[in-house]
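*Asks:* Sequence plus predicted model, see below.
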Amino acid sequence: MALPFVFWRFGRGASEQGRWRASRITIQTIFLSLLLAHVGFAQSNVYSGRVIARTPFYERILLPKGNILRPASLRGIDDLKPSEHYVETNRIDRTFADLSRERTNAFYSSCLSEVPINDLSLRCPGGLLNAQEVRELLRDTVAIPRNVWTNHAPRYGAGLRYVFSLVGAKNQNYVVDERPGAFAVVYFPDGTYRCVVGPGFLFLPRLQPNRAENGIQPIDFRR
């Protein structure tokens, strides 16, 4: 009787061990699937990584009604009447199509210092943003090369935009073309422009050059 008992114990142990291995493999498979799903969602929707983090109102106005990140009381671009939209989008689009007008210096740094907000009057269609929110937009974003901007910006809402301007006493006209996902183009009175983007993207750190060589100060995303 001892021999059958030994085989029974061995078979039982092997069965339990097999079940444990199968269970562990199942758990690992589920975890990997969830991880891949999260990564895929993050690549297709920038806000997946910002649900917990602070999402400023200058981004939320581009979100559709009912989005968890847009309060019900917040007016957005879908509330604007056709007559309220910026009327010179064709002009700035022609400027953007001219590659020679891109400002190609000071990449990966804010362009806030290039826009004298305190001396300008804000012309914001529908009053969706105030001066402080515009200041935050220019402060929080950094300039990136045009080709990088065009490769990534359309993934977060092609066709959606909010264009507003800041006008100076000497008829200086700064235009900001804001897009979903913390992307924007800033147009300057001299006919040049910068492509900018907010922090939180996987591609941004890989693009940053060696600051010890070019003298650009590190970006402080905690501001």
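*Replies:* Everything's here; your move.
*Asks:* Name the surrounding residues that touch stretch 183-196.
*Replies:* 92, 95-96, 101-103, 111, 114-115, 137-138, 141-146, 148-150, 152-153, 156, 168, 172-179, 197-198 (CB atoms under 8 Å, 6 or more residues apart in numbering). Quick note: C-beta positions are derived from backbone N, CA and C, even for glycine.
*Asks:* which of the residues you listed count as buried?
*Replies:* 92, 95-96, 101-103, 111, 115, 137-138, 141-144, 146, 148-149, 152-153, 156, 174-179, 197-198 (16 or more other CB atoms under 10 Å).
*Asks:* Out of those residues, name the ones that lie in helices.
*Replies:* 92, 95-96, 137-138, 146, 148-149, 152 (DSSP state H).
*Asks:* so L129 makes contact with F57?
*Replies:* Yes. Using CB atoms under 8 Å, L129 makes contact with F57 at a distance of 7.3 Å.
*Asks:* Looking at these two, which has the bigger crowd around it?
*Replies:* Taking other CB atoms under 10 Å, L129 and F57 do not tie; L129 has more neighbours (22 against 18).
*Asks:* Where does that one sit: helix, strand or coil?
*Replies:* Secondary structure assignment for L129 (DSSP: H, G, I helix; E, B strand; the rest coil): coil.
*Asks:* dump the residue contacts of it.
*Replies:* 57-58, 61, 122, 137, 164.
*Asks:* JSON lines please, covering these and showing pLDDT.
*Replies:* Listed next are these as JSON lines, based on pLDDT from 0 to 100:
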{"residue": "F57", "pLDDT": "81"}
{"residue": "Y58", "pLDDT": "86"}
{"residue": "I61", "pLDDT": "92"}
{"residue": "L122", "pLDDT": "96"}
{"residue": "L137", "pLDDT": "94"}
{"residue": "F164", "pLDDT": "96"}
